[in-house]
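Visitor: Just need the structure, nothing else, for what follows:
(chains A and B)
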Amino acid sequence: GDSVTQMEGPVTLSEEAFLTINCTYTATGYPSLFWYVQYPGEGLQLLLKATKADDKGSNKGFEATYRKETTSFHLEKGSVQVSDSAVYFCALSPDYKLSFGAGTTVTVRA
Amino acid sequence: DVKVTQSSRYLVKRTGEKVFLECVQDMDHENMFWYRQDPGLGLRLIYFSYDVKMKEKGDIPEGYSVSREKKERFSLILESASTNQTSMYLCASSLTGRFEQYFGPGTRLTVT
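Guide: A predicted model of the protein is given here:
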């Protein structure tokens, strides 16, 4: 079945550092891909999405590109802030259901 | 903005109790979902509903049931709570034809 694998955390960074979280997927068709973020004590929020190959999703300084050839959707941010400390989930959706990765905890230190 | 609310943020129940978790969305979404979130496992789908009174099992339905009597409300029921059901429970909703899901804040359930 469809599945998502994302890099294990936790990841600890200093403010203004570059962040990359790797995500690869296995799917039979051409799913939509998502990054969700969960801030401490809150539910998940959609961070960005891409619906077809070579699409780039972006939001709040984060970017991810749908790479069909490498079945990847890596999340990047050029300069992180303390407020970016959260758990990040990669997810795919071939239909109206979502399959999530295990989540990556990111802590940004001032 | 879409708003998904859950009845409790924290809940403590005893083994064997019947537990109800309530979820309400205010955007007229057809689809509603219940997930549980456990460290290292991400989110796993318990049940989802695509219309009133309609439901389908997700990946881990054992020990759970659901009810959807009104479009805006989706309830998760633990018939006889067990300690292995201690977890964070998240509700979500989406529009048919749109893959983005909108999540509530979660209910952290502890079964002792």
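
Visitor: ok, then the element right after the helix or strand of chain A with the lowest mean pLDDT?
Guide: The weakest-scoring helix or strand in chain A, judged by mean pLDDT, DSSP states H and E, is strand A:99-100 (a mean of 90). As assigned by DSSP states H and E, the chain's next helix or strand after strand A:99-100 is strand A:104-109.

Visitor: Please point out which parts of that following strand sit buried.
Guide: A:104, A:106, A:108 (16 or more other CB atoms under 10 Å in any protein chain shown). The C-beta positions use only the backbone N, C-alpha and C, and glycine is treated the same way.

Visitor: Residue A:51: which of those is nearest?
Guide: residue A:104 (22.6 Å; CB to CB).

Visitor: Hmm, residue A:11 and the closest one touching each other?
Guide: Yes - using CB atoms under 8 Å, residue A:104 is in contact with residue A:11, at 6.2 Å.

Visitor: ok, back up a step: would you convert the buried residues of strand A:104-109 into CSV that also reports distance to residue B:20 and pLDDT?
Guide: Shown next, in CSV, are the buried residues of strand A:104-109 (distance: CB to CB, whole Å; pLDDT from 0 to 100):
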residue, distance to residue B:20, pLDDT
A:104, 33, 95
A:106, 34, 97
A:108, 38, 97
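
Visitor: can you list those in a markdown table and add distance to residue B:78?
Guide: Converted to a markdown table, the buried residues of strand A:104-109 look like this (distance: CB to CB, whole Å):
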| residue | distance to residue B:78 |
| --- | --- |
| A:104 | 29 |
| A:106 | 32 |
| A:108 | 37 |
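
Visitor: can I get the residues you listed in CSV with distance to chain B?
Guide: What follows is the buried residues of strand A:104-109, written out as CSV (distance: CB to the nearest CB, whole Å):
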residue, distance to chain B
A:104, 10
A:106, 15
A:108, 20
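
Visitor: ok, the spatially closest residue to residue B:31 that is not a sequence neighbour - contacts?
Guide: Distances taken as CB to CB, 6 or more residues apart in numbering or on different chains place residue B:94 nearest to residue B:31, at 4.6 Å, with adjacent residues excluded. The contact partners of residue B:94, by CB atoms under 8 Å, 6 or more residues apart in numbering or on different chains, come to A:96, B:29-31, B:33, B:100-102.
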